[in-house]
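> coords please:
(chains A, B, C and D)
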Protein chains: 2
Amino acid sequence: MKKTILIYGLSLAVLVFLLEYFEYRYFVHELSTEVFVFLIALIFTGLGLWVGKKLTNQTKIESPPFEQNEKAIRYLKISERELEVLELVAQGLSNKQISDKLFVSVNTTKTHLSHLYEKLDVKRRTQAVEKAKSLKLIE
Amino acid sequence: MKKTILIYGLSLAVLVFLLEYFEYRYFVHELSTEVFVFLIALIFTGLGLWVGKKLTNQTKIESPPFEQNEKAIRYLKISERELEVLELVAQGLSNKQISDKLFVSVNTTKTHLSHLYEKLDVKRRTQAVEKAKSLKLIE
DNA sequence: TTCAAAATCATACTTTCGGGTGATTCCTGA
DNA sequence: TCAGGAATCACCCGAAAGTATGATTTTGAA
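Numbers count the residues shown, from 1 in each chain, chains lettered A, B, ... in the order given. The predicted structure follows:
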């Protein structure tokens, strides 16, 4: 951002400097003035476009990255382990597969899920995933 | 987009026209040429920014709205009815609820789902939703 | 018109989920 | 030290989901 503005300022300065340096009056008068104005306009339209692109690109890069809603997680009192289970559920794993990944029994996974459903106020895993994503608890 | 370009072109034309009209040579020579060039640069930088904003705004408005991947749907030979079921599954509905919404029996819903799982190459509804979303079959 | 795909439904069976209850261990903050 | 939350596990039961197979009807394209 700062760099962009700097480059823009420098371009302006360089242009003015070059005009001075080459005694542009003589040079310019060999071209038609319309052409000269047109060139300046073109160059600075380009610069404007470039600057605009730089500026908007930054906002684009800032928004997409996932930002977990930790306040909601705290508010809903969802524990670490429950969140882990939730993420695996969202990946489409079965309770058995989740249990194997976390090195616990299926019963444990089911207990975590029960608590999750209660906290999220849902009845099924698909709803839990849906809600968790809308609340940005998971990606 | 077309309008934006049109306005840009018109601005250029108007500028040139005005220069002619006011016999700009005399006018301009009363200002220093640096100032004149600077003004032109400023105006067209602004125009460039404006055009850039218009153009990127369009891409911003066009990208967020969901764009269904119809090629994938055709490629996977997923039928209309199957897609409907898929959407309802993604909303966290049970087979019973889906059946009621579509006025068919649970058996029918299950049949559609079986076909879907085969086409999407998954085993469970949560996986189907996951995959369908990543393929942009559904929102 | 004919053929294939799509949509519908059924029956039967297996697996997975989810609910309920209760127990143990560990850790932390009052 | 004591209460409470978190994590762990078990057992049972019923509901939901998924698999397999087969059948009928509708529909659209060749």
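
> shaky segments in chain A?
A:1-41, A:43-45, A:48-49, A:51-64 (pLDDT under 70).

> what does it put close to DNA strand C?
Chain A has residues A:94-96, A:107, A:110-111, A:113-114, A:117, A:123-125 near DNA strand C, with proximity defined as Cβ under 7 Å from any atom of the strand. Every residue, glycine included, has its C-beta placed from N, CA and C.

> quick one: which of the residues you listed sit in helices?
For those, the ones inside helices are A:95-96, A:107, A:110-111, A:113-114, A:117, A:125, with DSSP state H as the criterion.

> could you find the closest non-adjacent residue to A:Gln68?
Among residues not flanking A:Gln68 along the chain, A:Lys136 sits closest, at 6.3 Å (Cβ to Cβ, 6 or more residues apart in numbering or on different chains).

> and stretch A:103-119, what's buried?
A:108-109, A:112-113, A:115-117, A:119 (16 or more other Cβ atoms under 10 Å in any protein chain shown).

> again, but for stretch A:75-91
Quick answer for stretch A:75-91 (16+ other Cβ under 10 Å): A:76, A:78, A:81-83, A:85-90.

> is stretch A:74-91 up against chain B anywhere?
Yes: for stretch A:74-91, a contact with chain B is found by Cβ under 8 Å from any Cβ of the partner chain, at A:89-91.

> rewinding a little: mind putting the ones in helices among the residues of chain A next to DNA strand C into CSV with distance to B:Gly46?
Below are those laid out as CSV (distance: Cβ to Cβ, whole Å):
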residue, distance to B:Gly46
A:Asn95, 61
A:Lys96, 63
A:Asn107, 67
A:Lys110, 63
A:Thr111, 63
A:Leu113, 58
A:Ser114, 61
A:Tyr117, 56
A:Arg125, 54
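
> how's chain A carved up into domains?
Following automatic domain parsing, one gets these domains for chain A: A:2-62, A:70-134.

> many thanks, have a good one.
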